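J.: take this sequence and fold it.
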Amino acid sequence: MTERDIIFVANEVDELGGVGRWQAQLAGLLADRGHRVTIAGIAPANHPMDLGENPPFKTVTLYAQRPPGRPRRRRLLGPADPALRRHEAHMRGAADRLTQLFRAARPGAVIIVTQVWAMEWVALADTAGHIVIGMTHESFDTARKSSRFERVKKYYQDVDRLLALTQEDADRWVGEGMNNMGFMPNPLPIVPDTPSPRTEKVVASIGRLSHEKGVDLLLDAWAEAAPKQPGWTLRIYGRGEAEAELRARCTELGLDDSVDFAGQTEDVPGALRASSVFVQSSRGEGFPLVLLEAMACGLPCVAFDCAPGVREIVTHEEDGLLARPGNTTELARHLVRLMSDERLRDAMGEQALSSVRRFDPDAITRRWEELFDFLER
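T.: Next up is the predicted model:
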């Protein structure tokens with residue numbers, strides 16, 4: 001194995017959320033295997049997460065505060081627009097710091113650009129002949145609905161490899177003319193010592209309380225499911241901008257006695273071990289880490305089949321149940337089926353424990369190293 005300098009370039013070093021957790025985990029896994037790892041963030045995190053006292057990687061952030069967005073070019077002034085020129089000069093100054101970081105790296109270094117916003121600065125820097133790997137951490141369909149879609153095609157077209165999260169998403173990007181595609185699944189974030197005994201009458205949901213995570217849809221489904229299985233609790237972990245609205249919706253649906261808004265948890269394995277079923281009601285996803293975590297705790301999962309990453313993790317009728325996106329009646333039916341059948345819960349939970357091992361962190365880290373070696377040839 002070749003020991004390398006590996007530099008992650010991301011929107012932020014330590015933003016709380018799936019991408020931030022993935023980044024910190026992979027950086028740690030690569031450092032543990034002897035690589036010299038740095039995470040460079042463009043801006044400070046809005047919601048920082050704890051990286052621990054002595055993370056096994058270096059960190060650097062280019063801006064002391066989040067830089068303003070690119071100003072719109074005023075037609076009469078064109079490229080001579082002073083506001084545009086100031087912004088570009090500001091970006092180039094930050095990109096020069098990246099250039100220094102890249103030039104200090106040893107030959108054979110790898111630059112992993114975690115998000116396309118960060119790639120705008122990498123594109124201005126001198127990558128010094130190093131391997132550059134870009135990433136898109138969302139499904140093709142989610143990207144297509146956002147401004148990131150055209151930016152992915154613009155900024156990642158010349159990187160050595162652009163990685164999607166699944167083969168299905170990679171194929172869709174190839175159809176858009178991106179011929180440098182590959183895919184790489186996320187590694188299992190946790191390997192708990194003990195799985196859930198699945199004895200508590202609790203269905204768990206973990207995620208940001210936002211429109212994208214679809215907790216409003218989950219409440220609608222729970223309004224159908226709860227009366228059919230009295231005594232069960234839906235425990236919702238997370239915080240977010242939609243919390244007040246969701247609490248009001250819960251009361252309006254008459255669910256206050258069976259829904260527990262448990263706030264943000266620092267102990268995800270503990271929350272999962274205290275549950276018997278996991279549910280995800282997102283409108284869109286990439287490759288959701290929390291599904292991996294739930295399965296690693298021996299929980300059968302019920303989820304909307306909203307992205308290739310979801311069905312890559314959960315196999316319908318084997319280790320969980322998938323509902324058509326947004327179909328709350330189908331989601332409710334799947335929940336009732338698992339809540340009412342202890343033998344089915346146990347069978348799917350045990351299968352989840354077994355099938356999630358294909359995302360073992362060591363196996364995924366080796367795949368990354370094999371990719372580095374391949375791209376260096």
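
J.: check contacts around the residue lying closest to residue 63 once chain neighbours are set aside.
T.: Excluding the flanking residues, the one nearest residue 63 by CB to CB, 6 or more residues apart in numbering is residue 43, at 5.0 Å. (Each C-beta comes from the backbone N, C-alpha and C, glycine too.) Contacts for residue 43 were tallied using CB atoms under 8 Å, 6 or more residues apart in numbering; they are 11, 12, 61, 62, 63, 65, 66, 67.

J.: how about a cut-off of 6 Å?
T.: 12, 63, 66 (CB atoms under 6 Å, 6 or more residues apart in numbering).

J.: same thing with residue 260?
T.: Each residue near residue 260 by CB under 6 Å, 6+ apart is listed here: 233, 235.

J.: any idea which helix or strand carries it?
T.: Following DSSP states H and E, one finds residue 260 within strand 259-263.

J.: where along the stretch 151-300 of the chain do the helices fall?
T.: Using DSSP state H, counting those that start in this stretch, the helices of the stretch 151-300 of the chain run over 167-174, 215-225, 243-252, 268-273, 289-296.

J.: same list (those) but as JSON lines, adding distance to residue 122, mean neighbour count and mean pLDDT.
T.: JSON lines is the format used below for the helices of the stretch 151-300 of the chain (distance: least, CB to CB, whole Å; neighbours: other CB atoms under 10 Å; pLDDT from 0 to 100):
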{"stretch": "helix 167-174", "distance to residue 122": "19", "mean neighbour count": "18", "mean pLDDT": "97"}
{"stretch": "helix 215-225", "distance to residue 122": "35", "mean neighbour count": "23", "mean pLDDT": "98"}
{"stretch": "helix 243-252", "distance to residue 122": "36", "mean neighbour count": "15", "mean pLDDT": "98"}
{"stretch": "helix 268-273", "distance to residue 122": "32", "mean neighbour count": "20", "mean pLDDT": "95"}
{"stretch": "helix 289-296", "distance to residue 122": "25", "mean neighbour count": "26", "mean pLDDT": "95"}
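
J.: pLDDT weak spots in this protein?
T.: 73-81 (pLDDT under 70).

J.: how is it divided into domains?
T.: 5-187+360-376, 202-359 (automatic domain parsing).

J.: now those as JSON lines including distance to residue 195?
T.: Output for the domains of the chain, formatted as JSON lines (distance: least, CB to CB, whole Å):
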{"stretch": "domain 5-187+360-376", "distance to residue 195": "16"}
{"stretch": "domain 202-359", "distance to residue 195": "3"}
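
J.: just name the most buried of these.
T.: Among the domains of the chain, domain 202-359 has the highest mean neighbour count (mean count of other CB atoms under 10 Å), at a mean of 20.

J.: give me the distance between the two termini of that domain.
T.: Start-to-end span of domain 202-359 (CA to CA, to the nearest Å) is 26 Å.

J.: can you check stretch 10-27 too?
T.: Its start and end residues considered, stretch 10-27 measures 12 Å (CA to CA).

J.: equivalent analysis for stretch 14-22, please.
T.: Stretch 14-22: ends 10 Å apart by CA to CA.

J.: how far does it sit from the chain's center?
T.: Counting by CA atoms, centre = their mean, to the nearest Å, stretch 14-22 is centred 7 Å from the centre of its parent chain.

J.: contacts for that stretch next, please.
T.: Stretch 14-22 is contacted by residues 45, 47, 48, 49, 51, 137, 186, 289 when judged by CB under 6 Å, 6+ apart.
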